[in-house]
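**Student:** this one's structure only:
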């Protein structure tokens, strides 16, 4: 469909149902910047991208011996 939009086909796992349908998936914003960005793709950066990861240690809380 496009670089940022794809179609996905889903099928109900209940064999008695048999429903199959197509949905679209669209990339809307960046949360973590790519190490190999595509110059043809321009995405807005999510405000969440500026928050430090929860697992990252804060320098002011490091214990030194």
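**Tutor:** Here it is on my side, so go on. Values in this document were obtained by computation on a predicted structure and should not be read as measured data.

**Student:** so where is the protein shaky, pLDDT-wise?
**Tutor:** Applying pLDDT under 70 to the chain picks out residues 50-65.

**Student:** residues in contact with stretch 3-21?
**Tutor:** 1, 22-27, 38, 40-41, 43 (C-beta atoms under 8 Å, 6 or more residues apart in numbering). From N, CA and C alone the C-beta is placed, and that goes for glycine too.

**Student:** so of those, which ones are in strands?
**Tutor:** Members of the contacts of stretch 3-21 lying in strands (criterion: DSSP state E): 22-26.

**Student:** ranges for the strands of this protein?
**Tutor:** Counting by DSSP E, the strands of the chain are 5-11, 20-26.

**Student:** name every strand pairing with the last one and say which way it goes.
**Tutor:** Strand 20-26 sits in its sheet next to strand 5-11 (antiparallel), going by DSSP bridges.

**Student:** the strand it pairs with: how far from the chain's middle?
**Tutor:** Centre-to-centre, strand 5-11 and its host chain are 16 Å apart (C-alpha atoms, centre = their mean, to the nearest Å).

**Student:** give the buried residues for stretch 30-37.
**Tutor:** Across stretch 30-37, burial judged by 16 or more other C-beta atoms under 10 Å covers residue 30.

**Student:** next, the distance between the ends of that stretch.
**Tutor:** 11 Å (C-alpha to C-alpha, to the nearest Å).

**Student:** repeat for stretch 36-44
**Tutor:** Distance across stretch 36-44, first residue to last, is 16 Å (C-alpha to C-alpha).

**Student:** what's in contact with it?
**Tutor:** Residues from elsewhere that reach stretch 36-44 (C-beta under 8 Å, 6+ apart): 3-4, 27-30.

**Student:** go again with 7 Å.
**Tutor:** 3-4, 27, 29-30 (C-beta atoms under 7 Å, 6 or more residues apart in numbering).

**Student:** closest one of those to residue 47?
**Tutor:** residue 29 (9.0 Å; C-beta to C-beta).

**Student:** I'd assumed residue 49 was in contact with the closest one.
**Tutor:** No - the pair residue 29 / residue 49 is not scored as a contact, 8.2 Å apart, by C-beta atoms under 7 Å.
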